[in-house]
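>>> show me the folded form of this:
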Amino acid sequence: MENVKSYIEANKQRFLDELFELIRIPSISSQVEHKQDMIACANQWKKLILEAGADKCEVMPTKGNPVVYAEKKVGDDKPTVLVYGHYDVMPVDPIDLWNTRPFEPVVKDGKIWARGADDDKGQSFMHAKAFELMVKTNQLPCNVKFMLEGEEEIGSESLYDFCRANKEMLKADIILVSDTSMIASDTPSITTGLRGLSYWEVKVTGANRDLHSGIYGGAVANPINILCKMIAQMTDENNHITIPDFYDDVLVVSDYERSLMAKAPFNLEEYKKELAINDICGESGYTTTERTGIRPTFDVCGIWGGYTGEGAKTVIPSEAHAKISTRLVPNQDFNKIGEQFKQYFQSIAPACVKVEVKFLHGGDCYVAPIDMPAYKAAEKAFETTYGKLPIPTRSGGSIPIIAGFEKILGIKSILMGFGLGSDAIHSPNENYPLEHFYKGIETIPYFYQYFTQLMK
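Numbering: from 1, shown residues only. Got it, this is the predicted structure:
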């Protein structure tokens, strides 16, 4: 590849300006008041991809938020890469913890600070600019398709049907994704596994109204107290999940593979310092990297009820609510786990309350073989720009649609992430290092080059 670095250097500021236009659109898919922002963001993506050199680009409707689809054809005898990304972002609450305005991006300390800076506007945008670089310098070696969705953060529900309805249009040899992280700035890695997910909202109801805690306290169930006790029963003293049969299908990773995982650099003291914690916590018998990569987990993602305003209000609330998730590993079926959780959670509820469990979304895990051409191409691309081979890692996160792509389209995905664990995705003060942003644009063209060579 020629002139990669010089093209990036000549267009650095324009790249940032265009990315910031995207970031300023508050495309929060989980909040209905941002529906028009979702459409605006999709149309902005269409504009950017057409300007980058796509033959065509469409904003295609779904039963939910639209999908942006684009393509550039080089030749029938060339392989096809389908780039996947998402333009929706997480909510920004709690807003008072942000040091900057979440949808007004700023560059400070060598990083872009904004919601979506990394996840996934920044990382998806790298692909648009890498594509532009190859088209404008006449170095695009293969056919390229783009598919950008607006529902990843809420489970990609509409994308499954979109893929089923457009199998022919979406045909490709590999799906290329940047929505994951690297081990460190000086240690590139390729994510070879993603955990699956099941996610619920639960509601515990006591009396038909809030009650005076003095008059009724001790005689009527407090739903918050009950909910906390029920949640506490979901794991034991070894942080082992207590749902019956939960571990029946868990794929046990061999000692050999665990020894390979242990070679990845990891400093426990730095990990604790970066998170400002005194100690780690997790399932007994496993290391921190194993707990986040090859083992399932149970977490309360939100809990509320009663009075939370300023001062005191002595009430026993009528209701208590929580949002709960499990991260799943190979062989675990998210639908099966969803039903197991519901049955068990309702079974441990005392008769003094009513319990409702609503399944919100989920998806299966994904594992990418390290011997497929796309992995070899990504490995060589990282080695070209970073000067060292990337380390294969399994991520603790989930991108449920990745497993869906394989089931519906029959296409594997390669996960070339350039983020860092410190980028605070899903949290206040999300950020993305400029170094990683530009390095991604530099590295991605080499993937196309090496993948095309390997597919001959």
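>>> show me where the stretch 101-250 of the chain has helices.
121-136, 157-165, 223-232 (DSSP state H, counting those that start in this stretch).
>>> can I get the ones you listed in CSV with mean neighbour count and distance to residue 436?
Using the backbone N, CA and C atoms, a C-beta is placed for each residue, glycine as well. Below are these laid out as CSV (neighbours: other C-beta atoms under 10 Å; distance: least, C-beta to C-beta, whole Å):
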stretch, mean neighbour count, distance to residue 436
helix 121-136, 24, 8
helix 157-165, 18, 26
helix 223-232, 18, 37
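>>> distance to residue 250 and mean pLDDT added to the ones you listed, as JSON lines?
Formatted as JSON lines, the helices of the stretch 101-250 of the chain follow (distance: least, C-beta to C-beta, whole Å; pLDDT from 0 to 100):
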{"stretch": "helix 121-136", "distance to residue 250": "30", "mean pLDDT": "98"}
{"stretch": "helix 157-165", "distance to residue 250": "25", "mean pLDDT": "97"}
{"stretch": "helix 223-232", "distance to residue 250": "22", "mean pLDDT": "98"}
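>>> now the strands for the stretch 1-150 of the chain?
Listed in chain order, the strands of the stretch 1-150 of the chain (DSSP state E, counting those that start in this stretch) span residues 56-60, 67-72, 80-86, 106-108, 111-113, 143-149.
>>> before we move on, back to that, distance to residue 264 added to the helices of the stretch 101-250 of the chain, as a markdown table?
Converted to a markdown table, the helices of the stretch 101-250 of the chain look like this (distance: least, C-beta to C-beta, whole Å):
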| stretch | distance to residue 264 |
| --- | --- |
| helix 121-136 | 21 |
| helix 157-165 | 31 |
| helix 223-232 | 32 |
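>>> just to revisit the earlier point, now render the strands of the stretch 1-150 of the chain as CSV, adding mean neighbour count and distance to residue 439.
CSV is the format used below for the strands of the stretch 1-150 of the chain (neighbours: other C-beta under 10 Å; distance: least, C-beta to C-beta, whole Å):
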stretch, mean neighbour count, distance to residue 439
strand 56-60, 16, 26
strand 67-72, 23, 23
strand 80-86, 25, 17
strand 106-108, 13, 16
strand 111-113, 23, 13
strand 143-149, 26, 20
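>>> between those strands, which gets nearest to residue 124?
Residue 124 lies closest to strand 80-86 among these, at 3.0 Å (C-beta to C-beta).
>>> may I have stretch 263-275 as CSV, with CA atoms only?
The C-alpha trace of stretch 263-275 is given here as CSV (Å, rounded to 0.1, in the frame of the first residue of the first chain):
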residue,chain,number,x,y,z
LYS,A,263,0.7,-15.2,28.2
ALA,A,264,-1.2,-12.0,27.5
PRO,A,265,0.3,-9.2,29.5
PHE,A,266,-1.7,-8.3,32.5
ASN,A,267,-0.7,-6.4,35.6
LEU,A,268,-3.1,-6.9,38.4
GLU,A,269,-1.9,-4.0,40.5
GLU,A,270,-2.2,-1.6,37.6
TYR,A,271,-5.6,-3.0,36.9
LYS,A,272,-6.8,-2.3,40.4
LYS,A,273,-5.2,1.2,40.4
GLU,A,274,-6.8,2.2,37.1
LEU,A,275,-10.2,1.2,38.5
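>>> in it, what counts as buried?
Within stretch 263-275, the residues scored as buried using 16 or more other C-beta atoms under 10 Å are residue 264.
>>> distance from it to the middle of the chain?
22 Å (C-alpha atoms, centre = their mean, to the nearest Å).
>>> for it, which outside residues touch it?
183-184, 187, 189, 278-280, 288-289, 391, 393, 421-422 (C-beta atoms under 8 Å, 6 or more residues apart in numbering).
>>> repeat that with 6 Å
187, 289, 391 (C-beta atoms under 6 Å, 6 or more residues apart in numbering).
>>> so who does residue 379 touch?
So residue 379 contacts residue 390 (C-beta under 6 Å, 6+ apart).
>>> helix/strand/coil for it?
With DSSP: H, G, I helix; E, B strand; the rest coil as the basis, residue 379 sits in helix.
>>> tell me the spacing between residue 35 and residue 150.
Distance of residue 35 to residue 150, computed by C-beta to C-beta, to the nearest Å: 10 Å.
>>> before we move on, what about residue 174?
Taken as C-beta to C-beta, the span from residue 174 to residue 150 is 23 Å.
>>> more neighbours, the two?
residue 150 (30 against 25; other C-beta atoms under 10 Å).
>>> and the closest residue to that one other than its chain neighbours, its phi and psi?
Excluding the flanking residues, the one nearest residue 150 by C-beta to C-beta, 6 or more residues apart in numbering is residue 65, at 3.2 Å. Backbone torsions of residue 65, given as degrees, to the nearest 10, read phi -80, psi 150.
>>> so who does residue 65 touch?
With C-beta under 6 Å, 6+ apart, residue 65 has these contacts: 38, 150-151.
>>> then residue 362 would be within a strand, right?
Yes. Counting by three-state DSSP, residue 362 is found in a strand.
>>> so what sits opposite it in the bridge?
Residue 362 forms beta bridges with residue 198, as assigned by DSSP bridges.
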